[in-house]
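J.: Provide a 3D model corresponding to the input given below.
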Amino acid sequence: MSASPFSLKAERSLFREDEFEDVNALPGEDELSHLASDLDITTYPSVRIPRTTDEQVLIVKPKEYAHFHCPLTLPLPSLWPDRPLLLRAARTHGFDAQDTRAPASFDAVPYPFETSLFKGHLLVRLHNNPKCSAYFKGKARLSSVVVSGQFKQPVPFADLVTGQEFCHAIKNPGAILSAAALKLFKLLAPLLRVKLGKRETYFLSPLAQTVQAMHVSENPFSLSPDCQVPEDTRLLGGDFASGNLDFAARKKLFSKSSTLEKFTYLPGLHYTFDFYNDKIDINNFELRILGKTFDLASYLLGQPVRVLARTLSPGGEGDGYAWNFEMWHEKQTLAAAGHVRDPAASD
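T.: Numbering: from 1, shown residues only. Got it, this is the predicted structure:
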């Protein structure tokens, strides 16, 4: 009888620790933690990071065993619709072992999703996609992640954050998180929460202050490969009601906790967020910052880049995530080295 990939015990890690230098030299143990403390970005209460991926994710073959939605496995890269990239909903969206849906797409195709807090669509655009040439023309952006839909319950602006979180160890990011980089982050995101931990790491800041473009409307926003998301926050009321505040003014206002506490995401309105960036090159899985380029695969040690929004104080139903998606790159799999598991071989 063939073994099911959903009950397999990981016999071999997808990522060999000996490929990375000193994986135990974690950032919580060096001077970066002291620097983060000096910059007052670790003084907030700790945020709980759920175990959304397994420490030993397996590459699974053949096709009948591959599952795009299982947090313990990844299908063979040859099966990925957007190879060398894979975009899928994280475990926090719920996991059904019988789920046969295709994963989300990097090809600017709206992907419907629903969580306990939010119902809407995800649209991901990459700068080298000809379908999105009108959107990227004249811009230095490398990607655009658009989330559009409705909140299912009131969520305070002060409670909803976005960023990156890793539930297992990552390689010491000291080369990336230099003093200059941390000071830049603190300048751009004054309410940034950072934990450089031995077991988990996160960089989280209020979504309303972080997102590059926010559009609030009474009707659904039409998503397409070339759609521009205009800044329109008049329906937030208060200082925004006049329509005279652009994205820079919004970011400045929401850099203060006292302002965030006055606003709430409301059911009944449609919210569209454009998270565009010129720092992370998803195609090559690289981070470009302060004139340097870093290979993300060698730092994340088998964990994906995330597209997420979550509450800081989960309560009531659900797990506190409005959305949570994983971005994987083929270079993370080591499939060429034979680090794959064929369940049929255990008959």
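
J.: and residue 134, backbone torsions?
T.: When read as degrees, to the nearest 10, the backbone of residue 134 gives phi -70, psi -30.

J.: count the neighbours of the spatially closest residue to it that is not a sequence neighbour for me.
T.: In this structure, residue 134 finds its nearest non-sequential neighbour in residue 226, 3.9 Å apart by C-beta to C-beta, 6 or more residues apart in numbering. Heads up, the C-betas are built off the backbone N, CA and C, glycines and all. By the measure other C-beta atoms under 10 Å, the count of residues near residue 226 is 13.

J.: please apply the same query to residue 283.
T.: Neighbour tally, residue 283, other C-beta under 10 Å: 16.

J.: my read: it touches residue 125, true?
T.: No - with contacts counted by C-beta atoms under 8 Å, residue 283 stays clear of residue 125, the gap being 11.9 Å.

J.: residue 253 versus the residue nearest to residue 134, what's the distance?
T.: Distance, residue 226 to residue 253, by C-beta to C-beta, to the nearest Å: 30 Å.

J.: chain neighbours aside, what residue packs nearest to residue 332?
T.: residue 297 (4.9 Å).

J.: pLDDT at that neighbour, what is it?
T.: With respect to pLDDT, residue 297 scores 87.

J.: for residue 208, helix, strand, or coil?
T.: At residue 208 the chain is in helix, as set by DSSP: H, G, I helix; E, B strand; the rest coil.

J.: surely it touches residue 162?
T.: No - contact status for residue 208 versus residue 162: not in contact, 9.4 Å apart, counting by C-beta under 8 Å.

J.: contact partners for residue 88?
T.: Counting by C-beta atoms under 8 Å, 6 or more residues apart in numbering, residue 88 makes contact with 68, 69, 103, 104, 325, 326, 328.

J.: can we see that at 7 Å?
T.: Residues in contact with residue 88, defined by C-beta atoms under 7 Å, 6 or more residues apart in numbering, are 68, 69, 103, 104, 325, 326.

J.: between these, which sits nearest residue 157?
T.: Nearest to residue 157 out of those is residue 325 (C-beta to C-beta; 21.8 Å).

J.: just to be sure, that closest one is in a strand?
T.: Yes - under three-state DSSP, residue 325 sits within a strand.

J.: now the closest residue to it other than its chain neighbours: how far from residue 169?
T.: Distances taken as C-beta to C-beta, 6+ apart place residue 307 nearest to residue 325, at 4.2 Å, with adjacent residues excluded. Distance from residue 307 to residue 169, counting by C-beta to C-beta: 22 Å.

J.: ok but residue 145 is inside a strand, no?
T.: Yes - assessed with three-state DSSP, residue 145 lies in a strand.

J.: bridging residues for it?
T.: Following DSSP bridges, residue 145 is listed with bridge partners residue 124, residue 275.

J.: go ahead and confirm it touches residue 307.
T.: Yes - using C-beta atoms under 7 Å, residue 145 is in contact with residue 307, at 5.3 Å.
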